[in-house]
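Asker: here is my input; please provide its structure:
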Amino acid sequence: MNILIKPSQTGGSITPPSSKSLLHRALICAGLASGKSTISSLSCSRDIEATISCLNALGIKIQTVQKEEDGKKFTFEVEGSDVALRNFPAVLDAYESGSTLRFLIPIAASSASSVTFTGQPSLMIRPMKIYDELFKEQGLLFNQNGQTIEIKGPLKATHYTIDGNVSSQFISGMLMAAPLLEQGKKETSLSITPPYQSRSYTNLTASMMKKFGVTVQEPDELSYVVQADQSYQPKALQVESDYSQMAFFGVLGAIQNSITCMNMNPNSAQGDKVILKFLKQAGAKLTWNDQSVCIESAKSQNLTLKPCVMDLADCPDLGPILCVLAAYTPGTTRLIHASRLRYKECDRIAAMEEELRKWGVNINSDEDSITIQGKETYSCDHLVEVDSHNDHRIVMAMAIFGACADSDSLIHNAQAIKKSYPLFFEDFKKVKGDASVWN
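Answerer: So this is what the prediction gives:
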């Protein structure tokens, strides 16, 4: 699917989809509980479908019991299972979801029965050194060959040391698995080797586990303990909207005209809530009304956007859209601690450099930072053709850039949005963005 984006004067209101990070965690915790849970969500995506499929393959039953016609509300009924007692081999297709894969490897390894993970080639080659070493230290099978990952447990309830500079999803996976290891009769503890990046995502995991009856203790800033004799309990839960998806429309509001994002939790623990701080630093005005936040552009205040330094250590998913904000901000903006962007669905730093340069953006990077010399407007004397790099966040970022530019652009392979935000272009049009399928 190729999408033509025309310059637009946008404005209005949208309700972003539910947090994908929270929904992954909620479905997993519900699946590990004894009994039935109901999870209500404002979205479903290909990544979430991957988690549901993998949990089903482990013997957990998940059904969609309610779906509104506009695709904006889903209710999942989850009947949990004791996956540590699984006595059959399983094949789990994580498709292209790194969260699904990293969360479920230690959970699947709570049993002595084998598991084979499959998925898209880009996922199967992602670095898994942390799990590889943990498994081999215990004499367990962990074989990553580029096409599949084969594992065989059971992992022990013991003390683990995990590098905090790679991905917090490894830490979250071990924490969620902890109550299952050795039937939960022994405690599991983790020490994190600094520097510890994306700590906020681990906080989301601990918070979700607590909602389902399992407490994660934090003796200090680099340690976690899951005490013995804890088990997940079923729960009814509604998942809040996603700040990482709200960010695309927040940046659009900051550059152009006011946009209101609804169903946002002002007290959310989501790390990507820091987008609000970045928008304010850049000069946007934020106004809250209950659970709606209005983002008013600097332009509407007779001001220009202000350059600043934005730290991505705890919010790497914001990288692509913050590149767009920086491009439309006169002066020099730097995005620091950005190295993890190179190990996502694509090398997001290289991808944003390649696509923004087609517009004439002055962008440069090193391994861990991005520097952009921004300006207020961009135009070309030809149709600007950009590629998605098969990355949902590149698609959405370039759609926002194109709406704010003075020339038409074409996004190739825009179907990548199905990974996290299938209804993105519907919401884009709700705020007067001009997008159409190009045949």
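Asker: let me see the domain layout of this structure.
Answerer: Following automatic domain parsing, one gets these domains for the chain: 2-17+241-438, 20-238.
Asker: now the longest one: mean pLDDT?
Answerer: What it means is domain 20-238. Along domain 20-238, the predicted local confidence has a mean pLDDT of 93.
Asker: that one: end-to-end distance?
Answerer: Domain 20-238 stretches 12 Å from its first residue to its last (C-alpha to C-alpha, to the nearest Å).
Asker: most remote residue from the middle of this protein, which is it?
Answerer: Summary for the chain: using C-alpha atoms, centre = their mean, the residue whose C-alpha lies farthest from the chain's mean C-alpha position is residue 381, with a distance of 35.7 Å.
Asker: SS state for that one?
Answerer: Under DSSP: H, G, I helix; E, B strand; the rest coil, the three-state class of residue 381 is coil.
Asker: how close does it sit to residue 157?
Answerer: 64 Å (C-beta to C-beta, to the nearest Å). Just so you know, the C-beta spots here come from the backbone N, C-alpha and C atoms, and that holds for glycine as well.
Asker: swap in residue 265?
Answerer: 34 Å.
Asker: cool, and residue 211?
Answerer: Distance of residue 211 to residue 157, computed by C-beta to C-beta: 22 Å.
Asker: ok, now residue 53?
Answerer: Relative to residue 157, residue 53 is positioned 28 Å away (C-beta to C-beta).
Asker: got it, and residue 302?
Answerer: When distance is defined by C-beta to C-beta, residue 302 is 61 Å away from residue 157.
Asker: which one's more surrounded, these two?
Answerer: Summary of the neighbour comparison: residue 302 and residue 157, criterion other C-beta atoms under 10 Å, with residue 157 having more neighbours (22 against 6).
Asker: give me the three-state assignment for the more buried one.
Answerer: Of the three states, residue 157 takes coil according to three-state DSSP.
Asker: and the helices in this structure?
Answerer: Under the criterion DSSP state H, helices of the chain are mapped to 20-31, 46-57, 98-108, 121-124, 129-137, 168-177, 199-211, 243-255, 275-282, 319-327, 348-357, 392-404, 424-430.
Asker: would a markdown table of the ones you listed with distance to residue 369 and mean neighbour count be doable?
Answerer: Shown next, in a markdown table, are the helices of the chain (distance: least, C-beta to C-beta, whole Å; neighbours: other C-beta atoms under 10 Å):
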| stretch | distance to residue 369 | mean neighbour count |
| --- | --- | --- |
| helix 20-31 | 24 | 27 |
| helix 46-57 | 28 | 22 |
| helix 98-108 | 23 | 26 |
| helix 121-124 | 24 | 16 |
| helix 129-137 | 24 | 17 |
| helix 168-177 | 20 | 26 |
| helix 199-211 | 20 | 20 |
| helix 243-255 | 19 | 27 |
| helix 275-282 | 15 | 20 |
| helix 319-327 | 11 | 28 |
| helix 348-357 | 9 | 21 |
| helix 392-404 | 18 | 28 |
| helix 424-430 | 28 | 20 |
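Asker: looking at the ones you listed, spot the one closest to residue 232.
Answerer: Across the helices of the chain, the minimum distance to residue 232, taken as C-beta to C-beta, is reached by helix 20-31, at 5.6 Å.
Asker: compute the inter-axis angle for that closest one and helix 199-211.
Answerer: Here helix 20-31 runs at 30 degrees with respect to helix 199-211, directions being taken by axes from the mean of the first three to the mean of the last three C-alpha atoms, to 10 degrees.
Asker: now helix 20-31, how far from the centre of its chain.
Answerer: Helix 20-31 has its C-alpha centroid displaced from the chain centroid by 12 Å (C-alpha atoms, centre = their mean, to the nearest Å).
Asker: packing partners of it?
Answerer: Other helices and strands packing on helix 20-31, by 3 or more C-beta pairs under 8 Å, 6 or more residues apart in numbering; DSSP states H and E, are strand 36-41, helix 46-57, strand 74-79, helix 98-108, helix 168-177, helix 199-211, helix 243-255.
Asker: for residue 63, find the nearest of these.
Answerer: Taking C-beta to C-beta as the criterion, strand 74-79 is the member of those that comes nearest to residue 63, at 4.9 Å.
Asker: strand partners (parallel or antiparallel) of that closest one?
Answerer: For strand 74-79, the paired strands and their directions (DSSP bridges) are strand 36-41 (antiparallel), strand 61-67 (antiparallel).
Asker: and the nearest residue to residue 60 once chain neighbours are set aside, what is it in contact with?
Answerer: Take residue 60 and drop its neighbours on the chain: the residue closest to it by C-beta to C-beta, 6 or more residues apart in numbering is residue 31, 3.9 Å away. With contact taken as C-beta atoms under 8 Å, 6 or more residues apart in numbering, residue 31 is in contact with 55, 58, 60, 62, 78, 80-81, 83.
Asker: and the residue lying closest to residue 123 once chain neighbours are set aside, how far is that from residue 125?
Answerer: Beyond its immediate neighbours in the sequence, the residue positioned closest to residue 123 (C-beta to C-beta, 6+ apart) is residue 96, lying 5.1 Å away. Residue 96 sits 12 Å away from residue 125, taking C-beta to C-beta as the criterion.
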